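Enquirer: how would this look folded up:
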Amino acid sequence: MGKRTQSRRQFLATSAGGLLATAALHQPWLALAAKKTADSVHGRIRITDIEKHTIHPDYVDWLHYELNHFYGPTKRSVYVVHTDQGLQGLGEGSDEPDEVLEKYIGTSPFDWVVAKAAYDLMGKAAGVPVYKLFGQRYRRWVPVSSWTVSTHPPHMVEAVQKYSAMGYNWMKYHLSPFENVFDQLEAMEQVAPKGFKLHFDLTRFHHYGHNPDLVERVARSPIAGCFEDPLETTDIDAYIDLRKRIRLPILIHGSRIQHSFEVLRRAADGYIIGHSKLGLVMQRAGLFAAAGVPFTVQWVGGGITQAMLIHMQAAFKTADFHITTAAETLAGDVTNERFRPTNGFVRVSESPGLGVTLDREALETLEHNRPPQQPPFILRTRFKNGAVMYNLMKPPETRHLMVLPHRWRLIPMAFDAPLSTEYWDNDGSPEFQSMMKRLEAEAMVLQNE
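Expert: Numbers count the residues shown, from 1 in each chain. Presented below is the predicted three-dimensional model:
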């Protein structure tokens with residue numbers, strides 16, 4: 001397992017939250033007060049060592065087939081930060097090089113307010129939950145969403161049944177033009193319990209039709225909850241017009257113009273800050289609070305990430321929307337605590353730090369775990385008029401093709417086309433080998449059968 005060391009500005013600069021944030025970006029007196037308390041109890045705290053572990057968790061059994069075909073196996077780095085006072089902070093994210101990690105040795109977590117591990121350490125040193133380092137608590141319970149991928153209607157039904165039974169009231173998924181959204185909706189409506197809602201992510205994809213019309217039709221479903229990125233996020237006038245037409249919340253994720261004047265123009269009902277560093281999140285939290293605009297933070301990760309988001313959402317004034325981490329898609333994790341919602345909400349921990357503890361045995365298991373790689377396969381899409389389309393999939397190289405196929409510049413596609421799709425795995429047949437050769441040469445095949 002080797003141990004690594006830490007860097008002043010880049011520890012955990014990841015899709016799950018990064019560093020960059022200093023206390024001055026939010027409410028500096030909170031961090032200063034916590035430091036004063038910690039110094040009075042422990043003396044000046046210094047980081048002495050940082051363990052870095054790369055883990056490879058499996059997907060939960062009932063989602064493994066679909067997620068492995070979409071993305072292939074997942075991995076992330078877990079960081080265990082030690083201090084000279086015997087405190088231990090937990091963080092996770094993407095891999096950081098050794099030269100970055102080494103620079104943190106000898107520094108104080110209060111000197112460099114980086115995500116997760118430093119906040120965990122600061123809270124433990126001061127004896128307070130992490131949310132108190134951001135400000136007063138605005139909510140004791142935080143709404144959380146489940147997540148899945150777009151696939152055939154029977155699987156979407158299973159996802160609704162599984163997640164609702166686990167206590168979730170929301171399920172987010174990216175629409176895919178390889179499945180008909182109305183076929184999916186019709187199936188899910190039959191099993192969704194009262195109050196269960198869907199979060200539709202259109203990912204700024206312009207389907208072969210008219211996005212506002214599609215959103216308006218989908219919004220009529222009793223289980224439709226909100227729409228994320230239904231238009232190109234720079235088209236502020238179109239968003240304002242769409243809000244006037246749709247009764248459900250319209251959300252913008254990752255503003256292309258950095259959440260600026262479009263917030264004041266009320267281009268969206270709310271915002272999602274995803275894959276951004278903590279410093280930017282805190283800055284935008286202040287903007288949204290001043291404007292009275294709801295928002296949420298989306299970081300992908302496990303229980304450590306989930307704990308951090310719950311504390312942040314508890315303290316940010318207008319962070320009213322549900323958080324999404326996809327932690328519920330993983331079969332194992334490195335924390336002893338696993339978050340399970342009650343009626344769609346998770347209670348904010350009052351324990352010092354993040355409120356989660358390390359399961360060393362699970363950490364070692366996941367570090368040595370090697371989920372099966374997904375071999376290349378074929379997407380076989382059948383249209384109701386008899387046409388069949390074939391696309392070559394090579395995860396993770398093609399991990400976005402089922403959501404954003406226009407990036408491959410092959411053919412316009414629609415979310416409401418009369419079609420269904422199956423994954424054609426290598427069955428050793430001459431037909432499969434022949435189609436693979438054609439796809440290697442043609443990129444996509446469309447023919448009548």
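
Enquirer: which pLDDT value belongs to the closest residue to Glu189 other than its chain neighbours?
Expert: Among residues not flanking Glu189 along the chain, Ile223 sits closest, at 5.7 Å (CB to CB, 6 or more residues apart in numbering). All C-beta spots, glycine's among them, are computed from the backbone N, C-alpha and C. At Ile223, the pLDDT value in this model is 98.

Enquirer: give me the neighbour count for Ile223.
Expert: Other residues near Ile223 come to 17 when the count uses other CB atoms under 10 Å.

Enquirer: which helix or strand contains the nearest residue to His253 once chain neighbours are set aside?
Expert: Leaving aside its chain neighbours, His253 sits nearest to Ile272 (3.9 Å; criterion: CB to CB, 6+ apart). Assigned by DSSP states H and E, Ile272 belongs to strand 270-274.

Enquirer: rounded mean pLDDT for that strand, please.
Expert: In this model, strand 270-274 has a mean pLDDT of 93.

Enquirer: partners of it in the sheet?
Expert: Strand 270-274 has its sheet partners listed here by DSSP bridges as strand 250-253 (parallel), strand 295-298 (parallel).

Enquirer: out of those strands, which is closest to Leu63?
Expert: Proximity to Leu63, assessed across the strands paired with strand 270-274 by CB to CB, is greatest for strand 295-298 (18.5 Å).

Enquirer: show the contacting residues for the closest residue to Asp229 other than its chain neighbours.
Expert: Computed as CB to CB, 6+ apart, the closest residue to Asp229 that is not its neighbour in sequence is Arg204, at 4.7 Å. For Arg204, the contacting residues are Asp229, Leu231, Glu232, Thr233, by CB atoms under 8 Å, 6 or more residues apart in numbering.

Enquirer: can you flag the buried ones in the residues you listed?
Expert: Asp229, Leu231, Thr233 (16 or more other CB atoms under 10 Å).

Enquirer: ok, the last one to Gly332 distance?
Expert: Read it as Thr233. 36 Å (CB to CB, to the nearest Å).

Enquirer: with the first one instead?
Expert: According to CB to CB, Asp229 stands 31 Å off from Gly332.

Enquirer: the second one now?
Expert: As defined by CB to CB, Leu231 lies at a distance of 38 Å from Gly332.

Enquirer: state the helix or strand in which Arg438 lies.
Expert: Using DSSP H and E, Arg438 maps to helix 430-442.

Enquirer: kindly apply the preceding question to Thr54 instead.
Expert: In the assignment (DSSP H and E), Thr54 maps to strand 47-55.

Enquirer: export that strand to CSV, keeping only CA atoms.
Expert: The C-alpha trace of strand 47-55 is given here as CSV (Å, rounded to 0.1, in the frame of the first residue of the first chain):
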residue,chain,number,x,y,z
ILE,A,47,0.3,17.1,8.5
THR,A,48,2.8,14.4,8.8
ASP,A,49,1.8,11.8,6.3
ILE,A,50,-0.7,11.1,3.5
GLU,A,51,-1.7,7.7,2.4
LYS,A,52,-3.0,7.4,-1.2
HIS,A,53,-5.0,4.3,-2.1
THR,A,54,-6.4,3.6,-5.6
ILE,A,55,-9.6,1.6,-5.2
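
Enquirer: center of this protein - which residue?
Expert: The centre of the chain sits closest to Val300, judged by CA atoms, centre = their mean, with a distance of 3.5 Å.

Enquirer: could you list the low-confidence segments of the protein?
Expert: 1-32, 39, 112-114, 256-257 (pLDDT under 70).

Enquirer: and it, what are its domains?
Expert: Taking automatic domain parsing as the reference, the chain has its domains at 3-133, 141-351, 377-448.

Enquirer: burial of Asp201, as a residue count?
Expert: Neighbours of Asp201 (other CB under 10 Å): 22.

Enquirer: before we move on, back to that, the residue nearest to His253 contacts Ile252, correct?
Expert: Yes: using CB atoms under 8 Å, Ile272 makes contact with Ile252 at a distance of 7.2 Å.

Enquirer: contacting residues around Pro294?
Expert: Counting by CB under 8 Å, 6+ apart, Pro294 has contacts Asp269, Gly270, Tyr271, Phe288, Thr318, Ala319, Asp320, Phe321.

Enquirer: if we use 6 Å, what do you get?
Expert: Gly270, Thr318, Asp320, Phe321 (CB atoms under 6 Å, 6 or more residues apart in numbering).

Enquirer: quickly list what the first one is bridged to.
Expert: It stands for Gly270. Beta-bridge partners for Gly270, by DSSP bridges, are Leu251.

Enquirer: what's the nearest residue to Pro153 if we skip its chain neighbours?
Expert: Ala187 (3.7 Å).

Enquirer: let me know the helix or strand that the one you found is in.
Expert: helix 181-189.

Enquirer: tell me what that helix is packed against?
Expert: Helix 181-189 sits against helix 153-165, with contacts defined as 3 or more CB pairs under 6 Å, 6 or more residues apart in numbering; DSSP states H and E.

Enquirer: residues touching the helix it packs on, excluding its own?
Expert: By CB under 6 Å, 6+ apart, helix 153-165 touches Ser146, Thr148, Met171, Asp183, Gln184, Ala187, Met188, Val191, Ala192, Pro193, Phe196.

Enquirer: got the angle for it vs helix 181-189?
Expert: Going by axes from the mean of the first three to the mean of the last three CA atoms, to 10 degrees, helix 153-165 is angled at 40 degrees with respect to helix 181-189.
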